[in-house]
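Student: How does the following fold in three dimensions:
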Amino acid sequence: MRILYGVQSTGNGHITRARAMARALADQGLSVDYLFSGREADQFFDMEGFGAYRLCQGFTLAIENGRLDTLGTLRRLAPRRFLREVRALDLEPYDLVITDFEPVTAWAARLRHKPSVGIGHQYAFLYPVPRPAGGYHQRLLMRWMAPADLSLGLHWHHFDAPLLPPIAPVAEPAPERDPKLILVYLPFEAPAAIRALLADFSDFRFAVYHPGAESAPPTPAHLRWHLPNRDGFQAELIRCAGVICNAGFELASESLQLGVKLLVKPVRGQSEQQANAMALEQLGLAPAMTELDPGRVAAWLRNGREARIRYPNVAVAVARWIAAGASPDIQPLSAALWRATRFPPLPQPGVEEVSSCVGKP
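Tutor: A predicted model of the protein is given here:
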């Protein structure tokens with residue numbers, strides 16, 4: 001079987017998931033070519049595992065100072081260019097298209113009637129998972145940006161739907177955590193705003209990973225700025241005491257698996273991140289702040305609690321499912337993976353309900 005795998009690259013989490021899937025698919029003896037869209041070529045890093053991958057422009061969300069810029073996003077759509085990319089993509093050599101919310105491969109497969117599978121968190125929103133009211137236009141975008149014949153939606157809990165646990169492999173936690181080290185990843189917030197958020201907490205050390213690290217304003221000694229790089233980030237993730245981040249899916253998934261306490265700030269106007277923050281709070285897994293609020297950070301540093309979830313190796317299970325023919329009945333795959341998931345005993349209301357319905361999607 002030969003596969004074309006498209007990856008939406010506006011966030012690093014999609015690429016992290018694709019790395020795990022690349023290893024699992026290779027172990028099944030499947031031939032896979034990779035296409036990435038939504039990011040400039042010089043902004044990719046640690047891409048060795050994807051071979052001679054291809055790039056397209058696709059669609060990109062415009063985010064300014066932690067808020068979705070709807071008009072900026074519309075200006076970037078460039079529908080004529082997008083249609084040219086879709087039409088130019090040759091799918092003849094492939095038996096299957098996999099899309100991680102990547103629109104060029106998804107629409108090329110749909111228009112040419114090539115079988116397609118969607119793998120990603122965004123596909124979970126095809127089901128009744130926690131989400132804020134309204135957001136009609138973003139719901140349409142979520143449904144139609146990268147449609148697939150079969151959709152494997154990933155989430156932290158099944159919510160009585162045929163969802164799968166996250167694909168976010170992590171190393172084992174460090175034998176000893178650094179109780180004063182806090183990892184910060186807020187790429188959609190301005191560096192000056194992050195500095196203002198953390199400047200007063202000199203009892204802690206903050207490792208701040210940000211695309212604008214080189215132009216960050218002068219900061220106190222307890223803030224260290226780094227450009228995004230996977231090795232350094234992962235080394236600090238497994239030994240830190242907590243993570244402050246936007247409400248993207250993948251980093252939160254890694255933190256939950258490591259048992260690292262988490263504080264999220266969803267991107268304003270981005271319904272997916274707002275839904276993620278809502279789900280984390282409803283499940284009792286992490287608090288959220290709607291703005292960069294030093295008071296919320298102070299309370300979290302004092303009283304925040306970690307929650308560790310033990311998920312099975314979802315990438316391996318999905319790769320085996322694909323190699324076996326990608327059955328349209330995903331219920332058995334979903335049920336088996338949730339039966340193998342172990343939730344922590346959390347003291348918040350509703351925890352008994354969360355724990356008791358594991359394995360019953």
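
Student: neighbours of the nearest residue to G58 once chain neighbours are set aside, just the number please.
Tutor: In this structure, G58 finds its nearest non-sequential neighbour in S37, 2.8 Å apart by C-beta to C-beta, 6 or more residues apart in numbering. In short, each C-beta sits where N, CA and C put it, glycine included. Other residues near S37 come to 23 when the count uses other C-beta atoms under 10 Å.

Student: Would you mark the buried spots in stretch 89-97?
Tutor: By neighbour count on 16 or more other C-beta atoms under 10 Å, the buried set for stretch 89-97 is 89, 91, 94, 96-97.

Student: Now the two most distant members of the residues you listed.
Tutor: Farthest-apart pair in these is L89 and L96; separation 14.3 Å (C-beta to C-beta).

Student: Output stretch 175-186 as PDB, nothing but the C-alphas.
Tutor: Extracted as PDB, the C-alpha positions of stretch 175-186 are listed here (Å, rounded to 0.1, in the frame of the first residue of the first chain):
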ATOM      1  CA  PRO A 175      13.600  10.700  38.000                       C
ATOM      2  CA  GLU A 176      13.600  14.100  39.800                       C
ATOM      3  CA  ARG A 177      11.500  17.100  38.800                       C
ATOM      4  CA  ASP A 178      12.800  20.600  39.200                       C
ATOM      5  CA  PRO A 179      10.100  22.200  41.400                       C
ATOM      6  CA  LYS A 180      11.000  25.700  40.300                       C
ATOM      7  CA  LEU A 181      11.200  25.100  36.600                       C
ATOM      8  CA  ILE A 182       8.100  26.200  34.500                       C
ATOM      9  CA  LEU A 183       8.000  25.600  30.800                       C
ATOM     10  CA  VAL A 184       6.200  28.300  28.800                       C
ATOM     11  CA  TYR A 185       5.000  28.000  25.200                       C
ATOM     12  CA  LEU A 186       2.700  30.900  24.200                       C
END
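
Student: ok, and for that stretch, which residues are buried?
Tutor: By neighbour count on 16+ other C-beta under 10 Å, the buried set for stretch 175-186 is 177, 181-186.

Student: residues in contact with that stretch?
Tutor: Identification of contacts with stretch 175-186 by C-beta atoms under 8 Å, 6 or more residues apart in numbering yields 66, 194, 198, 203-210, 233, 236-237, 239-246, 251, 260, 265, 292, 301.

Student: Now that we have those, which of them are buried?
Tutor: 66, 194, 198, 204-210, 233, 236-237, 239-246, 251, 260, 265, 292, 301.

Student: Of those, which belong to helices?
Tutor: Residues of the buried ones among the contacts of stretch 175-186 located in helices (DSSP state H): 194, 198, 233, 236-237, 251, 301.

Student: May I see these organised as a markdown table, with distance to A171 added?
Tutor: Below are those laid out as a markdown table (distance: C-beta to C-beta, whole Å):
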| residue | distance to A171 |
| --- | --- |
| I194 | 26 |
| L198 | 26 |
| F233 | 12 |
| E236 | 12 |
| L237 | 8 |
| L251 | 14 |
| L301 | 25 |
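
Student: Max pairwise distance over those residues: which two?
Tutor: For those, the farthest-apart pair by C-beta to C-beta is F233 and L301; their separation is 20.6 Å.

Student: And the buried residues of stretch 175-186, which two are furthest apart?
Tutor: By the measure C-beta to C-beta, R177 and L186 form the most distant pair in the buried residues of stretch 175-186, at 21.4 Å.

Student: out of the ones in helices among the buried ones among the contacts of stretch 175-186, who's nearest P128?
Tutor: L251 (24.8 Å).

Student: show me where pLDDT drops low in the stretch 51-200 of the chain?
Tutor: 60-77, 135-138 (pLDDT under 70).

Student: Where do the strands of it begin and end?
Tutor: Under the criterion DSSP state E, counting those that start in this stretch, strands of the stretch 51-200 of the chain are mapped to 54-56, 63-64, 67-68, 96-100, 116-120, 150-153, 181-185.

Student: Adjacent strands (with direction) for the last one?
Tutor: Right, strand 181-185. strand 205-209 (parallel), strand 242-245 (parallel) (DSSP bridges).

Student: Tell me which helix or strand comes right after the longest one.
Tutor: Past strand 205-209, further along toward the C-terminus, the next helix or strand under DSSP states H and E is strand 223-226.

Student: partners of that next one in the sheet?
Tutor: strand 205-209 (parallel).

Student: Show me the contact partners of the strand it pairs with.
Tutor: Residues from elsewhere that reach strand 205-209, judged by C-beta under 8 Å, 6+ apart: 178, 180-187, 194, 198, 216, 222-229, 232-233, 236, 240.

Student: how about the closest residue in space to F50 that isn't next to it in sequence, what does it touch?
Tutor: Take F50 and drop its neighbours on the chain: the residue closest to it by C-beta to C-beta, 6+ apart is Y34, 4.4 Å away. Residues near Y34 by C-beta under 8 Å, 6+ apart: 4-7, 18, 22, 50-51, 53-54.

Student: What subset of those residues is buried?
Tutor: The buried subset of the contacts of Y34 (16+ other C-beta under 10 Å) comprises 4-7, 18, 22, 50, 53.

Student: Of the residues you listed, which belong to strands?
Tutor: Using DSSP state E, the members of those that fall in strands are 4-7.

Student: Nearest to A335 among the residues you listed?
Tutor: Checking these against A335 by C-beta to C-beta gives Y5 as the nearest, at 25.6 Å.

Student: Report the separation between the closest one and N246.
Tutor: 25 Å (C-beta to C-beta, to the nearest Å).
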